[in-house]
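>>> Here is a sequence together with a model predicted from it:
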Amino acid sequence: MSIDTLTQTAALLITAIAAVTDWRRGVIPNWLTLPIVAVAPIVHWIAGGPWAGAASLGGMLICALVPYMLYRRDAGGGGDVKLFAAIGALVSLSVGIEIQLLTFIGAALVSLGRLAWRGRLLRTLSNTLFLAVNPILPRRWRREVVPELMTAVRLGAFIFAGTVCAVALHHPEMWP
């Protein structure tokens, strides 16, 4: 078994556990993510040399960047940041970014479907538009952003689904 197969299998296991804990308690625990963040670069260094260790660190930092920016704007959770950092450290930058992209696409599609089902899609999209353009509009054209239309989305299950899709694309031999 190659190091890629092992790390991607570990990512599947970790994201599955994170999905369950996020679904049940709304938390992605530190005991799940922080050991991976600490150990993955060392394992990559041992298995592939200093460049592999550096690539693991780079994957960790870059995969955590967007979730960290969302966290700083109160648009994401800290557990999501740590989980994406762990994924980036485990599976490399390119696969980590792929998982992140698939995660956000899945979360967006499901969220848009939920809003449409509840009849709140157009109002929420209008709210989102003004949230984005209010800072550049003159004061008289600005519109108040309705906080009731902003809801949190737990990403744990979406991160697991994104990981499953990415691993299936990279390792079709893992699936029967």
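On my side now, so go ahead.

>>> Give me the pLDDT for Leu129.
At Leu129, the model reports a pLDDT of 83.

>>> With Ala75 instead?
Predicted confidence (pLDDT) for Ala75: 81.

>>> How many residues are close by it?
Applying other C-beta atoms under 10 Å, we find 12 residues neighbouring Ala75. For the C-beta atoms, the positions are set from N, CA and C on the backbone; glycine is no exception.

>>> now it, what's its secondary structure?
coil (DSSP: H, G, I helix; E, B strand; the rest coil).

>>> Pass me the low-pLDDT residue ranges in this structure, would you?
146-150, 174-175 (pLDDT under 70).

>>> Just the element for the residue nearest the centre of the chain, please.
The residue lying closest to the centre of the chain (C-alpha atoms, centre = their mean) is Gln100, at 4.7 Å. Using DSSP states H and E, Gln100 sits in helix 93-118.

>>> packing partners for that helix?
Under the contact criterion of 3 or more C-beta pairs under 8 Å, 6 or more residues apart in numbering; DSSP states H and E, helix 93-118 touches helix 50-72, helix 78-91, helix 121-133, helix 156-170.

>>> In it, which of the residues would be classed as buried?
Within helix 93-118, the residues that count as buried by 16 or more other C-beta atoms under 10 Å are 93, 95-100, 102-104, 106-107, 115.
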